[in-house]
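In: no sequence on hand, only this structure:
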């Protein structure tokens with residue numbers, strides 16, 4: 001049996017770093033959703049233009065297909081993906097069961113992180129990301145982890161949650 005988890009949150013929350021470390025720890029295949037964006041999406045974000053649902057929908061379907069294909073090959077996956085809205089998470093879960101790890105923290109902390117990195121997503125888009133962010137809902141399999149924790153503590157908490165069997169739990173957990 002395979003498992004699939006999406007490390008989600010706004011840009012700058014550390015999704016890629018934490019997801020890669022979790023994947024390394026549990027021996028699952030890692031992917032960064034940013035690497036699946038078409039050039040047009042990256043160009044929009046680089047220009048400071050938020051993506052629309054129409055921009056995101058094909059990208060999310062590609063990610064869902066990637067996880068399902070990995071599962072058919074016997075691979076479990078850890079995907080770093082914003083997955084900000086319930087509808088986006090539902091699209092990601094269309095082809096296989098997916099659990100979510102939401103990295104959550106204050107906008108000020110995340111904005112400071114974004115200003116210190118080289119990424120196509122400018123800090124100016126952070127406000128739009130928080131505006132559309134929908135917290136995990138009770139019927140979603142997931143956990144919320146606080147960005148006040150160190151990266152090592154976040155990975156420990158994520159791996160502990162995965163080892164406890166997240167697909168049998170429900171709703172956000174602390």
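Out: Now that the structure is in, tell me what you want to look at. On a predicted model such as this, the values are computed, not experimentally measured, just so you know. Numbering: from 1, shown residues only.

In: may I ask which helix or strand of the protein has the lowest mean pLDDT?
Out: Least confident helix or strand, the chain: helix 107-115 with a mean of 82, by mean pLDDT, DSSP states H and E.

In: immediately after it, which helix or strand?
Out: From helix 107-115 onward toward the C-terminus, using DSSP states H and E, the following helix or strand is helix 126-132.

In: in that following helix, what counts as buried?
Out: For helix 126-132, the neighbour count (16 or more other C-beta atoms under 10 Å) marks 126, 128, 129 as buried. All C-beta spots, glycine's among them, are computed from the backbone N, C-alpha and C.

In: now do stretch 21-29
Out: Applying 16+ other C-beta under 10 Å to stretch 21-29 flags 21, 22, 23, 26, 28, 29 as buried.

In: name the element the spatially closest residue to the first one that is not a sequence neighbour belongs to?
Out: I take that to be residue 21. The shortest distance from residue 21 to any non-neighbouring residue, by C-beta to C-beta, 6 or more residues apart in numbering, is to residue 155 (4.6 Å). Element membership for residue 155 (DSSP H and E) is helix 151-163.

In: the strands in this protein, which residues?
Out: Secondary structure of the chain (DSSP state E): strands at 4-8, 29-32, 77-80, 99-104, 142-146.

In: let's have the ones you listed in a markdown table, adding mean pLDDT.
Out: Below are those laid out as a markdown table (pLDDT from 0 to 100):
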| stretch | mean pLDDT |
| --- | --- |
| strand 4-8 | 97 |
| strand 29-32 | 98 |
| strand 77-80 | 98 |
| strand 99-104 | 96 |
| strand 142-146 | 95 |
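
In: could you double-check that residue 59 sits in contact with residue 34?
Out: No. Judged on C-beta atoms under 8 Å, residue 59 makes no contact with residue 34 at a distance of 9.8 Å.
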